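>>> need a 3D model of the following:
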Amino acid sequence: MSNFSLKQALRVRLLEGMIGEVRKKLKPGEFMLLVVDRRTSKILSSCSRMFDVMQTDVMIIENLTLCREKLDFHAIYFIENVASSIKYLLRDFRPNKKPQYKAAHLYFTGRVTPEHMQQIQGRKQLVQRIQTFQEINVDFLTCESRVFSFARPCKTLSNLYLYREEKQDTFDTELQKTSNQLVSLCLTLKEDPYIRYWGKSKSDGLSKALASFFEKDFNDKKAQLKNDWKPHENRGRGTLLIVDRSIDPAAALMHEFTYQPMLNDLLKINGELCQLPDDKKKKTSATATTTTTETVGSVEEKEDGKISEEEEDPNVLVLSEDDQLWRELRHLHIAQVMQDLTSQINKFKSENKMAVYQGNKGDKNLKDMVAAGKAMAQFKEMMAKFDKHLGLVKIMMDLYESRSLSELGDLEQDLATGLTEEGTDVIVKTVKHKLVLKCQAKDIAVIDKMRLLMIYMISQGGIQEGTLRELMKSSDESLQKALYNLPKLGVDISASKDKKANPKHSKERKTEFQNQSKNNEHLLMRHVPFVRLVMSRLINWTLCPKAYPYMTPPPAGTKKPKSAKVTKWRRNKGEEKEDDRPLYILFIIGGVTNSEMRLIYTDPDLQKAKLIIGSTDIINPSRFIRGLADLSEKQFAAGIRNSEGNADSDKTVKAGAESDIEDDGPESDAEADVEPLQVQEPVEGRDCIDSYLDRWCGCLDSCM
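Reported below is the predicted structural model:
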């Protein structure tokens, strides 16, 4: 049975359904190129490597926003359906100017509005050269094989949760954009799912509102496409469950001690690119045990289209599913990662001929030398990967010690689960005393203090106003907005005098925490995100229909599909039957966490079904707090620096290169005037489409 992969589904849609179809229209001797904008370069890069695209006979990949050489080629325009991209398209075919390309094949991520259609129709030079016009509906990123994101930044969180009453138009616009992107996901996956939503949403019916938008938009889209689109015929009908971040706000704040969440929490990561902290760059590169030389600016691809580790920028590390070592380690506890790495390195050195040859201090014959030479490529590649992960684990352990994460994590686990490491009930007075001490300590980072306070209020049903004011004294006022906005997610921040009103975990949740603690040999792992229980009930068809109602229920008598056991048979040697199980989609409005993503790969019950998870954005605690405070990255960094009494680690916090992928956003003056955008220095050694575009287009400084 083949493994379902979101990346593969999107790759097929773009490389075969778009580029492949254009290639069929070309005559012998005609050439084609691909033009993408900022958004679509991210979409393409999320599922494909440069090698994949070039294999389709695309000669060049161009950046829509930059000036380019005029070529007698067929141009595939894969662009976003927004005003700025339409303007750049029109600029390529200006009156009384030589056209940019011989022919245009237009593919848009979503619906082209009547206004934009009128602008295109009014450009005669363009209309004469259009040979394809299609709304391809692929407005999402495939972050992993089972995870998707709409790459909507922190502003989406504030627009959906903070200003609904004051800015209803903004709220509706955000929901409409989200609905359109969900429609594009289902169209790409050939899914016509049952629609369910969290009926008890603490955010004023947000989940139901999106479900209503989606049902209408999807039905309209199916009616528009008619016979041009059909759901998958070889598998049962899937289910889309829509919930929102208020279902478990604590999960977005907890320190996680498995490898991938810890990296995303403590380091700056943008997609697959991990930026090393300034004080760790030289130390990490110094740990290398290979004899390769770092060469910046000389990036070459292997035959398989991948860039070798030794050619990467040592300050930016790539964490991709193409790296088998990363796939094996990312969901393990950080302590287990170090043990497994050491074990794998020792095993590799005992088996690889080059490693054995280097370690052999005795006589070395010609046969051993030849065998070692053949194993050199594998030796260099694997040792570079080992070095990368050893360096990252070293950084994580240093931060673990310097930021007192063991004590902080233990207190967070006590608060979130109501259980101690020994399995006994926590004493509220004791954890509150610990909270006060941590919030008053000058060696604790201000962002960690914020997280503790927010987890306390979520788990304990608020805190006394006087105590809160005292504990918030060391935090900048701009950051405090996040805490005071928690009621927008259904959290009471003022302690109730009625102790019975305080939130309590159900017996089922307590049992879940206790089992997690017993079955896990590592510390600080007893908390389990609430969506694990939701997903388990969803795939087992035991999810309460009152709490999670259908928009349109399944027909009477519909039975649960068999998902635990799937018939396997082979058509040809090495070829397996397609996975025909129904697809379950969990969508979380307001951000999905790395700890929630981990569940679909590691939980035995969830692995029985074909399940994917996604959201408007992938968040870490800092992004979640920044969104609730409605701050830009620079404002957030300034708020941390301006806080008093915080740890030394906070004083060096600064806003890096903008990593958020904005959807439309306010158009800049340059975009309004259709001027070329400023080219940013690319990160070398990156095998992705958007990086390549910067390198290719950087040399074209003037308009043709």
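>>> report the helix or strand with the lowest average pLDDT across this structure.
helix 669-672 (a mean of 40; mean pLDDT, DSSP states H and E).
>>> where does pLDDT dip in the stretch 301-450 of the chain?
In the predicted model of the stretch 301-450 of the chain, residues 301-314, 362-363 satisfy pLDDT under 70.
>>> and if you look at the stretch 551-700 of the chain?
Ranges of the stretch 551-700 of the chain meeting pLDDT under 70: 562-578, 656-700.
>>> so where do the helices sit in it?
Ranges of helices in the stretch 551-700 of the chain, per DSSP state H, counting those that start in this stretch, are 594-602, 621-629, 633-642, 648-651, 669-672, 689-697.
>>> out of the ones you listed, which gets nearest to residue 15?
Closest to residue 15 of these is helix 689-697 (C-beta to C-beta; 12.0 Å). Glycine gets a C-beta too; all of them are placed from N, C-alpha and C.
>>> doesn't residue 195 belong to a strand?
Yes. Counting by DSSP: H, G, I helix; E, B strand; the rest coil, residue 195 falls inside a strand.
>>> list the contacts for it?
211, 214, 215, 239, 240, 242, 550, 551, 552 (C-beta atoms under 8 Å, 6 or more residues apart in numbering).
>>> PyMOL command to pick out the buried ones of those?
The buried subset of the contacts of residue 195, as determined by 16 or more other C-beta atoms under 10 Å, is captured in PyMOL by this line:
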select buried, resi 211+214+215+239+240+242+551
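>>> please narrow the contacts of residue 195 to those residing in helices.
Mapping the contacts of residue 195 onto helices (DSSP state H) picks out 211, 214, 215.
>>> which SS state does the closest residue to the second one other than its chain neighbours fall under?
In this structure, residue 214 finds its nearest non-sequential neighbour in residue 179, 4.7 Å apart by C-beta to C-beta, 6 or more residues apart in numbering. In terms of secondary structure, residue 179 is helix; the call rests on three-state DSSP.
>>> so how far is residue 218 from residue 179?
8 Å (C-beta to C-beta, to the nearest Å).
>>> care to break the protein down by domain?
By the assignment in automatic domain parsing, the chain contains the domains 6-138+680-697, 142-248+529-555+584-633, 270-402, 404-507.
>>> tell me, how many residues neighbour the residue lying closest to residue 464 once chain neighbours are set aside?
Nearest residue to residue 464, sequence neighbours excluded (C-beta to C-beta, 6+ apart): residue 495, at 5.2 Å. Using other C-beta atoms under 10 Å, residue 495 has 18 neighbouring residues.
>>> who's in contact with residue 495?
If a contact means C-beta under 8 Å, 6+ apart, then residue 495 has 460, 461, 462, 463, 464 as its contacts.
>>> likewise residue 240?
Contacts of residue 240 by C-beta under 8 Å, 6+ apart are 182, 186, 191, 193, 194, 195, 196, 214, 585, 587.
>>> do residue 73 as well
Neighbour list for residue 73: 30, 31, 32, 33, 59, 60, 101, 102 [criterion: C-beta under 8 Å, 6+ apart].
>>> which SS state does it fall under?
Residue 73 ends up strand, using three-state DSSP.
>>> picking that back up, among the contacts of residue 495, name the buried ones.
Neighbour counting by 16+ other C-beta under 10 Å classes 460, 461, 462, 463 among the contacts of residue 495 as buried.
>>> save those residues as CSV, and put in secondary structure and pLDDT too.
Formatted as CSV, those follow (DSSP: H, G, I helix; E, B strand; the rest coil; pLDDT from 0 to 100):
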residue, secondary structure, pLDDT
460, helix, 88
461, coil, 86
462, coil, 86
463, strand, 89
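>>> give the buried residues for the helix ranked longest in the chain.
In the chain, taking DSSP H as the definition, the longest helix is helix 376-402. Going by neighbour count (16+ other C-beta under 10 Å), the buried part of helix 376-402 is 379-393, 395-396, 399-400.
>>> gap between stretch 116-136 and the chain center?
Relative to its parent chain, stretch 116-136 has a centroid offset of 33 Å by C-alpha atoms, centre = their mean, to the nearest Å.
>>> so residue 454 makes contact with residue 482?
Yes. With contact defined as C-beta atoms under 8 Å, residue 454 reaches residue 482; the gap is 7.4 Å.
>>> need the overlap of contacts for the two.
Contacts common to residue 454 and residue 482, judged by C-beta under 8 Å, 6+ apart, are residue 625.
>>> before we move on, the earlier item: so which of the ones in helices among the contacts of residue 195 comes closest to residue 44?
Nearest to residue 44 among the ones in helices among the contacts of residue 195, counting by C-beta to C-beta, is residue 214 at 24.9 Å.
>>> my guess is residue 348 contacts residue 385, does it?
No. Proximity of residue 348 to residue 385 does not meet the contact threshold set by C-beta under 8 Å, at 10.0 Å.
>>> can you name the next helix or strand after the longest helix of the chain?
helix 405-417 (DSSP states H and E).
>>> other SSEs contacting that next one?
Judged by 3 or more C-beta pairs under 8 Å, 6 or more residues apart in numbering; DSSP states H and E, helix 405-417 is in contact with helix 428-440, helix 446-460.
>>> before we move on, back to that, possible to save the buried ones among the contacts of residue 495 as CSV with distance to residue 607?
Conversion of those to CSV gives the following (distance: C-beta to C-beta, whole Å):
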residue, distance to residue 607
460, 34
461, 35
462, 38
463, 39
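>>> hmm, which two among those are most spread apart?
By the measure C-beta to C-beta, 461 and 463 form the most distant pair in the buried ones among the contacts of residue 495, at 8.8 Å.
>>> strands of the stretch 501-650 of the chain, start to end?
In the stretch 501-650 of the chain, the strands defined using DSSP state E, counting those that start in this stretch lie at 583-589, 592-593, 610-615, 618-619.
>>> for these, which one ends up most surrounded?
Ranked by mean neighbour count, the strands of the stretch 501-650 of the chain are led by strand 592-593 with a mean of 27 (mean count of other C-beta atoms under 10 Å).
>>> in its sheet, what does that strand sit against?
strand 618-619 (parallel) (DSSP bridges).
>>> tell me which residues are up against the partner strand.
Residues outside strand 618-619 that contact it (C-beta under 8 Å, 6+ apart) are 143, 147, 149, 157, 252, 264, 590-594, 597, 627.
>>> list the buried ones in stretch 187-207?
Buried residues in stretch 187-207, defined by neighbour count with 16+ other C-beta under 10 Å: 187-198, 200-203, 205-207.
>>> again with stretch 352-371
Quick answer for stretch 352-371 (16+ other C-beta under 10 Å): 352, 353, 354, 355, 356, 357.
>>> quick one: which of these sit in helices?
353, 354, 355, 356, 357.
>>> can you put those in TSV and add distance to residue 441?
Putting these into TSV (distance: C-beta to C-beta, whole Å) gives the following:
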residue	distance to residue 441
353	54
354	50
355	47
356	51
357	53
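>>> let me see the ranges of the strands in the stretch 101-250 of the chain.
Using DSSP E, counting those that start in this stretch, strands in the stretch 101-250 of the chain cover 101-108, 130-135, 141-144, 147-149, 194-197, 239-244.
>>> same list (these) but as JSON lines, adding distance to residue 94 and mean pLDDT.
Formatted as JSON lines, the strands of the stretch 101-250 of the chain follow (distance: least, C-beta to C-beta, whole Å; pLDDT from 0 to 100):
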{"stretch": "strand 101-108", "distance to residue 94": "13", "mean pLDDT": "96"}
{"stretch": "strand 130-135", "distance to residue 94": "16", "mean pLDDT": "95"}
{"stretch": "strand 141-144", "distance to residue 94": "32", "mean pLDDT": "94"}
{"stretch": "strand 147-149", "distance to residue 94": "36", "mean pLDDT": "96"}
{"stretch": "strand 194-197", "distance to residue 94": "45", "mean pLDDT": "97"}
{"stretch": "strand 239-244", "distance to residue 94": "44", "mean pLDDT": "97"}
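>>> for the ones you listed, give me a markdown table that also has distance to residue 545.
Shown next, in a markdown table, are these (distance: least, C-beta to C-beta, whole Å):
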| stretch | distance to residue 545 |
| --- | --- |
| strand 101-108 | 38 |
| strand 130-135 | 35 |
| strand 141-144 | 31 |
| strand 147-149 | 26 |
| strand 194-197 | 8 |
| strand 239-244 | 12 |
